[in-house]
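Q: below are the sequence and a predicted model for it; my questions follow.
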Amino acid sequence: MTKQSHKNTILLKNVEEEIRVFILKIRPELTNESKITFPDLLNYRLDYIKQMISTDSGKMDQLNETIVKSIKDNTTITDKLNPPAVKKLTTGQKTADGIAKFGGSWPFIFIFILVLAVWIILNSTMIFFKPFDPYPYILLNLALSCLAAIQAPIIMMSQNRQEQRDRAEANNDYQINLKSEIEVNLLHEKMDYLINSQWQHLVQMQNMQIELLGELQEQINELKEKK
């Protein structure tokens, strides 16, 4: 509680430091030995509280703008995800992917078994014509060897492209996780500010309100005594 140096005035040096600094800032002609009236002190207190609220509101707006700007800056990450997937494929790449996809499917297995069965039946009997590749089916072995020799590198080319896609997806996951981490850190920063700064200001304003109520009560008591 502040000390009175006169009935209706108070020395500025007896005012709490925060209010005194505020008064000297807006009234530089005053000094610590200057006297101010209690109504003026009340107005200064109210102005100081208004300034605190305005400052806190400005800081919150600035913090919100920082969060929004950071989130907007990082939304471009999603626009750049997986560049290999949208890249135009060459004819060779499309062919390799198509062959690898067909070669690893059930239709290919069924067709392959059917062709082998027909080949063996036609060359093991003379139902329609004289066998062109009789047992031990040397021509069939040659065809299968050529098929395996050609199919293997084609499948490897497709696998290499799949590895590139996997690396791109892993990079996408990293960027998305990084964006999420940035947003979480910004939210933590906002919460820390609210907990630390806002709480301190609330306590300070509460103390000032108590001071104001005490001074008003003193003035009321003085008025009653005069009556």
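A: Structure's in. What do you need? The shown structure was predicted, so the numbers you read here are calculated from the model rather than taken from an experiment.
Q: next secondary structure after the helix or strand of the chain with the lowest mean pLDDT?
A: Least confident helix or strand, the chain: helix 83-86 with a mean of 49, by mean pLDDT, DSSP states H and E. Toward the C-terminal end, the helix or strand that comes next after helix 83-86 (DSSP states H and E) is helix 91-103.
Q: just the angle for the helix or strand that that next one is followed by relative to helix 91-103, thanks.
A: Following helix 91-103 in sequence order, the next helix or strand is helix 106-124 (DSSP H and E). Between helix 106-124 and helix 91-103, the angle comes out at 80 degrees (axes from the mean of the first three to the mean of the last three C-alpha atoms, to 10 degrees).
Q: and the helix or strand following helix 106-124, how far from the chain's centre?
A: Beyond helix 106-124 in the direction of the C-terminus, DSSP H and E gives the next helix or strand as helix 138-193. Once both centres are worked out by C-alpha atoms, centre = their mean, to the nearest Å, helix 138-193 turns out to sit 24 Å from its chain's centre.
Q: give me the pLDDT value at Gly58.
A: Looking at Gly58, its pLDDT is 66.
Q: with just CA atoms, put stretch 43-55 into CSV.
A: C-alpha atoms of stretch 43-55 as CSV (Å, rounded to 0.1, in the frame of the first residue of the first chain):
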residue,chain,number,x,y,z
ASN,A,43,-6.2,7.6,-13.7
TYR,A,44,-2.5,6.7,-14.2
ARG,A,45,-3.2,3.2,-12.8
LEU,A,46,-6.1,2.7,-15.2
ASP,A,47,-4.0,3.9,-18.1
TYR,A,48,-1.2,1.6,-17.2
ILE,A,49,-3.6,-1.4,-17.0
LYS,A,50,-5.0,-0.4,-20.5
GLN,A,51,-1.4,-0.3,-21.8
MET,A,52,-0.6,-3.7,-20.4
ILE,A,53,-3.8,-5.2,-22.0
SER,A,54,-3.0,-3.5,-25.3
THR,A,55,0.7,-4.7,-25.2
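Q: what lies in contact with that stretch?
A: Stretch 43-55 has contacts (C-beta atoms under 8 Å, 6 or more residues apart in numbering) with 18-19, 22-23, 26, 36, 201, 204-205, 208, 211-212. Heads up, the C-betas are built off the backbone N, CA and C, glycines and all.
Q: could I get those residues as JSON lines with pLDDT and distance to Ala148?
A: Formatted as JSON lines, those follow (pLDDT from 0 to 100; distance: C-beta to C-beta, whole Å):
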{"residue": "Glu18", "pLDDT": "81", "distance to Ala148": "86"}
{"residue": "Ile19", "pLDDT": "83", "distance to Ala148": "91"}
{"residue": "Phe22", "pLDDT": "87", "distance to Ala148": "88"}
{"residue": "Ile23", "pLDDT": "88", "distance to Ala148": "93"}
{"residue": "Ile26", "pLDDT": "87", "distance to Ala148": "91"}
{"residue": "Ile36", "pLDDT": "86", "distance to Ala148": "100"}
{"residue": "His201", "pLDDT": "68", "distance to Ala148": "78"}
{"residue": "Gln204", "pLDDT": "70", "distance to Ala148": "82"}
{"residue": "Met205", "pLDDT": "71", "distance to Ala148": "83"}
{"residue": "Met208", "pLDDT": "73", "distance to Ala148": "88"}
{"residue": "Glu211", "pLDDT": "72", "distance to Ala148": "93"}
{"residue": "Leu212", "pLDDT": "72", "distance to Ala148": "93"}
